[in-house]
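Peer 1: Pasting the sequence and the predicted coordinates here, then a few questions.
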Amino acid sequence: MGRRRVDLKEAAEILGSTTEALRKRAKRGTLDSETGDDGKVYVWVDDRVDGRVDDDADRVDDRVDGGDDRHRDELISYMASEIEHLRSQLREAHEANRENRRIIAGLVQRVPELEPAREAPPEPREEPETTFPKMEVVETPIAEEKPVSWWRKLFSG
């Protein structure tokens, strides 16, 4: 089976996908690709893909590259392990919930046994303490002086 290098647009037509989907697959490494000297992304496709025959191919092959099957199998096994992990977390949460219900039921049964709280007479409130000591105000008499005009101060010194 031969392979050829095509640009993303042509590969999208051959593989029946979009150029952006192929660009993402190439970036993730799930599609055999390379960047050319011109900066374009080129994809390697088999000569016989999706039942199409290239000019130099002699027969039709309806299979797609086996790499997709391997990738799908890896994803399925990963998803199965994730599902099992989530199921175990759910079991643990159910067990913790059961334990909490048991504890709450035991506490609810003890509520009638508890002695009611006695009501104490309210205590008088204390004045809040301040951080600064209280200062006494002292009044000092101010001697009344007649104001002196500015020009007298200037010329008389």
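Peer 2: Happy to help now that I have it.

Peer 1: okay, CA-based contacts and neighbour counts for the rest of this
Peer 2: Noted.

Peer 1: Just give the number of residues close to residue 90.
Peer 2: 12 (other C-alpha atoms under 10 Å).

Peer 1: Residue 43 belongs to a helix?
Peer 2: No. Looking at residue 43 with DSSP: H, G, I helix; E, B strand; the rest coil, it is strand, so not inside a helix.

Peer 1: Not counting sequence-adjacent ones, nearest residue to it?
Peer 2: residue 33 (4.3 Å; C-alpha to C-alpha, 6 or more residues apart in numbering).

Peer 1: Check whether the one you found really touches residue 45, as I assumed.
Peer 2: No. Here residue 33 does not reach residue 45: they are 9.1 Å apart, not a contact under C-alpha atoms under 8 Å.

Peer 1: Helix, strand, or coil at residue 80?
Peer 2: Applying three-state DSSP: residue 80 is helix.

Peer 1: Tell me how many other residues crowd it.
Peer 2: 12.

Peer 1: Ok, residue 149 next?
Peer 2: What residue 149 shows, counting by other C-alpha under 10 Å, is a neighbour count of 8.

Peer 1: quick one: it from residue 155, how far?
Peer 2: Distance of residue 149 to residue 155, computed by C-alpha to C-alpha, to the nearest Å: 11 Å.

Peer 1: Quick check: which ranges of this structure have low pLDDT?
Peer 2: Within the chain, the stretches with pLDDT under 70 are 1, 48-67, 113-118, 120-122, 128-144, 157.

Peer 1: rerun at 80
Peer 2: The chain contains residues with pLDDT under 80 at 1-2, 47-69, 111-148, 151, 153, 156-157.

Peer 1: all strands of it, in order?
Peer 2: Assigned strands in the chain, in chain order: 3-7, 33-35, 41-46 (criterion: DSSP state E).
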